[in-house]
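[1] what follows is a predicted protein model with its sequence.
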Amino acid sequence: MWRGGRLRMLTAMVISAKYNCAYCGSINEVEIDPSAGHSQEYEEDCQTCCSPNLLRVELWTNGRGADVFATRDDGS
C-alpha cells in the first residue's frame with residue numbers, strides 16, 4: 001500500500017511445518033497461520049499423490065513451530 005511515497009508491506013506471520021502423507025508417505029510442507037488458533041484441523045492434498053490428508057496442527061507454546069499430524073481422510 002502506498003502512503004506518502006513509501007511502500008508499506010503488511011505481512012502475516014506464518015509457520016512452516018512438514019508432515020508425512022498418510023497415503024504415500026511423502027514429506028509435504030505446509031504454511032500454518034498462527035492467528036487461526038493453537039489447535040487447528042483442516043484438509044490438505046498431498047503434493048505428490050494428491051490424496052486428501054486430514055491435518056491436526058498443534059502450535060508450540062513458544063510460537064516458533066508446530067506439530068502436524070496427518071491421517072487418511074477417506075473414512076478408512
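    Now that the structure is in, tell me what you want to look at.

[2] quick check: end-to-end length of stretch 29-43?
    Across stretch 29-43, the terminal residues are separated by 13 Å (C-alpha to C-alpha, to the nearest Å).

[3] which residues are contacting stretch 34-46?
    Stretch 34-46 is contacted from outside by 12-15, 21, 23-24, 26, 28, 30, 32, 51-59, 63, 70, 73, using C-beta atoms under 8 Å, 6 or more residues apart in numbering. All C-beta spots, glycine's among them, are computed from the backbone N, C-alpha and C.

[4] in helices only, show me those residues.
    Within the contacts of stretch 34-46, no residue falls in helices by DSSP state H.

[5] list only those of the residues you listed flagged as buried.
    Neighbour counting with 16 or more other C-beta atoms under 10 Å marks 15, 21, 23, 28, 30, 32, 52-53, 55, 57, 59, 70, 73 as buried within those.

[6] using JSON lines, please lay out those together with pLDDT and distance to residue 46.
    Shown next, in JSON lines, are these (pLDDT from 0 to 100; distance: C-beta to C-beta, whole Å):
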{"residue": "15", "pLDDT": "92", "distance to residue 46": "20"}
{"residue": "21", "pLDDT": "97", "distance to residue 46": "4"}
{"residue": "23", "pLDDT": "97", "distance to residue 46": "6"}
{"residue": "28", "pLDDT": "97", "distance to residue 46": "6"}
{"residue": "30", "pLDDT": "95", "distance to residue 46": "11"}
{"residue": "32", "pLDDT": "93", "distance to residue 46": "17"}
{"residue": "52", "pLDDT": "96", "distance to residue 46": "8"}
{"residue": "53", "pLDDT": "97", "distance to residue 46": "6"}
{"residue": "55", "pLDDT": "97", "distance to residue 46": "11"}
{"residue": "57", "pLDDT": "96", "distance to residue 46": "16"}
{"residue": "59", "pLDDT": "94", "distance to residue 46": "22"}
{"residue": "70", "pLDDT": "97", "distance to residue 46": "9"}
{"residue": "73", "pLDDT": "81", "distance to residue 46": "10"}
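
[7] and the furthest pair within the residues you listed?
    The span of these, defined through C-beta to C-beta, is set by 23 and 59 at 25.1 Å.
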